[in-house]
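Participant: pasted the sequence and its predicted model underneath.
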Amino acid sequence: MLGPQGSGKGTQAAKLVDRFGFRYVASGDVLRAARQSDTELGREVRRYYDAGELVPDDLTIRLILQEMGEDVGGPGVILDGFPRTLPQAVALDRALEARGERVDLALELTAPLDVVKKRLEGRLYCRAANHDYNTYFRPPRRPGVCDVDGSELYRRPDDYPEAIERRLAIWREQNGQLVEHYERAGVLRRVDADRPVEEVARSISALLERMGVAA
Ligand code: AMP
């Protein structure tokens with residue numbers, strides 16, 4: 001899945017996992033887990049992650065391919081947040097080719113940057129189970145407390161204005177090359193993500209069904 005931060009990739013992927021049974025690998029989740037470890041690798045990831053910078057390609061590629069594992073199996077994997085650069089896309093193609101697989105679909109979620117900025121600035125998660133809220137669009141009933149489990153709500157370390165600006169600037173720098181790469185491969189499709197979640201989900205499901213993916 002391609003698209004700027006805040007375009008709803010994670011939200012839509014969760015629905016696709018439920019409906020079609022895909023596996024889901026989000027590079028942000030993989031790197032957040034790595035960031036927690038008190039090792040050289042953890043410190044390296046933290047340095048880039050917390051500033052909203054991209055983690056270096058070699059490290060990212062190694063961690064994500066490792067997380068994907070050798071045997072994709074089943075209906076396949078949704079990758080969210082990876083590849084983010086052309087070298088990552090090339091490394092992914094090579095790794096898949098080596099096992100007779102390929103990227104079947106590069107789905108770009110499109111939304112104006114002022115919309116995604118607001119989604120990111122308002123984003124909150126609960127400590128217990130990552131239930132998500134948005135102070136602008138979907139505030140919790142009690143400020144700072146999860147409606148579902150009562151745990152504390154927190155903001156991601158890179159959902160602060162400076163890091164958001166940096167992340168979106170990097171996205172603008174990298175996205176053109178990625179889109180071109182997948183356009184050339186004939187697998188790029190776009191979905192307008194500046195619509196209610198359910199509407200976007202219906203468009204994506206219809207697209208997958210047209211491609212022959214069974215629900
Ligand atoms: P995300 O949750 O996808 O917004 O990713 C959060 C942060 O993780 C990014 O701002 C980067 O620091 C790092 N990250 C995630 N995916 C990648 C990637 N493919 N390449 C490099 N850094 C990444």
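Facilitator: Good, I have the coordinates.
Participant: which residues in the chain form strands?
Facilitator: Shown for the chain, the strands assigned by DSSP state E span residues 23-26, 77-80, 106-110, 123-126, 132-134, 153-154, 188-192.
Participant: in the first one, what's buried?
Facilitator: Counting neighbours by 16 or more other CB atoms under 10 Å, one finds that the buried residues in strand 23-26 are 23, 25-26. Any C-beta I mention is one placed from the backbone N, CA and C, and that applies to glycine too.
Participant: from those, which is closest to residue 160?
Facilitator: residue 26 (20.1 Å; CB to CB).
Participant: ends of stretch 24-42, how far apart?
Facilitator: End-to-end distance of stretch 24-42 (CA to CA, to the nearest Å): 22 Å.
Participant: so which residues make contact with that stretch?
Facilitator: 9-10, 13-14, 17, 45-46, 49-50, 55, 59-60, 63-64, 67-68, 77-82, 84 (CB atoms under 8 Å, 6 or more residues apart in numbering).
Participant: helices - which of these land there?
Facilitator: With helices identified by DSSP state H, the entries of those that belong to them are 9-10, 13-14, 17, 45-46, 49, 59-60, 63-64, 67-68.
Participant: may I ask which two of those residues are separated the most?
Facilitator: The distance between the two most remote of those (CB to CB) is 28.1 Å, for 17 and 46.
Participant: if you count surrounding residues, which of those two has more?
Facilitator: In terms of neighbours (other CB atoms under 10 Å), residue 46 is the more surrounded of residue 17 and residue 46; the figures are 18 against 14.
Participant: ok, now how distant is that one from residue 40?
Facilitator: For residue 46, the distance to residue 40 (CB to CB, to the nearest Å) stands at 11 Å.
Participant: pLDDT value on the residue of the chain most remote from its centre, please?
Facilitator: Taking CA atoms, centre = their mean, the residue of the chain most remote from its mean C-alpha position is residue 142, at 28.1 Å. At residue 142, the model reports a pLDDT of 97.
Participant: with residue 156 instead?
Facilitator: What the model reports as pLDDT for residue 156 is 89.
Participant: assess the claim that it and residue 130 are in contact.
Facilitator: No. Residue 156 sits out of contact with residue 130 when judged by CB atoms under 8 Å, with a separation of 10.4 Å.
Participant: neighbour count winner among those two?
Facilitator: Each of residue 156 and residue 130 has its neighbours counted (other CB under 10 Å); residue 156 has more, 15 against 11.
Participant: residues touching the more buried one, list them.
Facilitator: Contact criterion CB under 8 Å, 6+ apart gives 123, 125 as the residues in contact with residue 156.
Participant: how much space separates the residue in the chain that the ligand sits nearest to from residue 206?
Facilitator: Residue of the chain nearest the ligand, by CB to the nearest ligand atom: residue 28 (2.1 Å). For residue 28, the distance to residue 206 (CB to CB) stands at 27 Å.
Participant: residues contacting the residue lying closest to residue 125 once chain neighbours are set aside?
Facilitator: For residue 125, ignoring the flanking residues on the chain, the nearest one in space by CB to CB, 6 or more residues apart in numbering is residue 132 at 5.4 Å. By CB under 8 Å, 6+ apart, the residues touching residue 132 are 123-126.
Participant: tabulate those residues (TSV), appending pLDDT and neighbour count.
Facilitator: Compiled in TSV, the contacts of residue 132 are given as follows (pLDDT from 0 to 100; neighbours: other CB atoms under 10 Å):
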residue	pLDDT	neighbour count
123	94	21
124	96	21
125	95	18
126	96	21
